[in-house]
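S.K.: pasting a predicted model and its sequence here:
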Amino acid sequence: MPKVIMTFPKGKHKVLTTSYDDGRAADRKLVEIFNRHGIKGTFHINSGLFGTGDRIPEEEVLGLYEGHEISAHTLTHPTIARSPKEQIVEEIIEDRRKLEKIAGYTVRGLSYPNGSYNQLVKEMLPYLGIEYARTVKSTGNFSMPDDWFEWHPTCHHKRDLLKLAEEFVKLHKKQYLYMMYVWGHSYEFEDDQNWDLIEDFCAYIGNQSDIWYATNIEIVDYVKAFQNLKFSADSHFVFNPSAISVWLSVDNQIVEVKGGKQVHLVQD
């Protein structure tokens with residue numbers, strides 16, 4: 001039987017993703033920095049608060065976040081672990097509904113407002129069309145999540161960002177998959193007057209050939225596509241029923257399994 005393991009697209013073993021909340025005006029500058037360095041972001045937005053204070057107005061959202069992911073953050077940012085079920089449903093479904101009218105695609109992700117969640121909230125999310133939810137509990141490591149509804153990031157950008165970036169770039173053992181996940185709020189760069197922090201981070205870690213730059217939902221979709229592959233009992237061939245390609249390492253050789261295709265991994 002061949003030794004088959006999942007890789008990220010094109011055989012890569014590292015992925016970088018970022019996640020920023022609230023849809024505030026400073027997102028404009030952050031998106032420009034990300035775009036310049038080939039980095040993708042997931043932007044979690046409270047659609048019930050469009051245009052209030054310094055929040056991005058509704059008519060600007062589609063153009064600003066093009067190429068990134070528009071994701072849910074609830075309609076009005078309540079502490080949902082303290083909310084009745086009816087309010088949780090309203091906050092998430094209405095946020096999705098408004099964001100989807102703008103984005104033109106299904107919004108399937110969430111970051112917990114105020115970092116608030118509990119087991120009940122987690123159990124409700126699949127019925128509300130949500131496939132992942134990010135917490136605010138930084139791990140300080142580069143592991144993949146065991147639970148998409150309790151997705152812990154690597155770090156907030158205020159905490160050892162450049163040190164962790166250096167560690168991440170140096171990782172080379174391809175028997176592992178590594179993910180660096182950075183979260184925060186763009187307005188914090190304004191408040192702290194440290195835009196140079198994210199500029200330096202992106203310049204250092206961006207546009208590297210061995211890193212996959214992905215939004216949160218792209219990572220979820222890719223892992224689920226791998227899990228949905230249909231291998232023969234001896235792993236000599238595999239069928240990919242998904243729409244996207246999945247890359248495998250087969251006896252240390254990288255093989256692309258295109259969507260809707262069956263591929264022989266071993267020549268009989």
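M.R.: Perfect, I can see it now.
S.K.: tell me the centre residue of this protein?
M.R.: N216 (1.2 Å; C-alpha atoms, centre = their mean).
S.K.: quick one: that one and T17 touch, right?
M.R.: Yes: counting by C-beta atoms under 8 Å, T17 is a contact partner of N216 at 5.7 Å. All C-beta atoms are positioned from the backbone trio N, CA, C, and that covers glycine.
S.K.: what sits in contact with each of these two?
M.R.: T42 (C-beta atoms under 8 Å, 6 or more residues apart in numbering).
S.K.: quick one on the thing from earlier: state the distance from the residue nearest to the centre of the chain to S111.
M.R.: 9 Å (C-beta to C-beta, to the nearest Å).
S.K.: common neighbours of those two, please.
M.R.: Residues touching both N216 and S111 (C-beta under 8 Å, 6+ apart) are 19, 71, 134.
S.K.: can I get stretch 22-38 in CSV, CA atoms only?
M.R.: The C-alpha coordinates for stretch 22-38 follow below in CSV (Å, rounded to 0.1, in the frame of the first residue of the first chain):
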residue,chain,number,x,y,z
ASP,A,22,-15.9,44.6,13.1
GLY,A,23,-15.6,46.1,9.6
ARG,A,24,-14.0,49.4,10.8
ALA,A,25,-12.5,52.2,8.6
ALA,A,26,-8.9,51.0,9.2
ASP,A,27,-9.8,47.9,7.2
ARG,A,28,-9.2,50.0,4.1
LYS,A,29,-5.5,50.4,4.9
LEU,A,30,-5.1,46.8,6.1
VAL,A,31,-6.6,45.4,2.9
GLU,A,32,-4.2,47.5,0.8
ILE,A,33,-1.3,46.1,2.8
PHE,A,34,-2.5,42.5,2.4
ASN,A,35,-3.1,43.0,-1.3
ARG,A,36,0.4,44.3,-1.8
HIS,A,37,2.0,41.2,-0.3
GLY,A,38,-0.3,38.5,-1.5
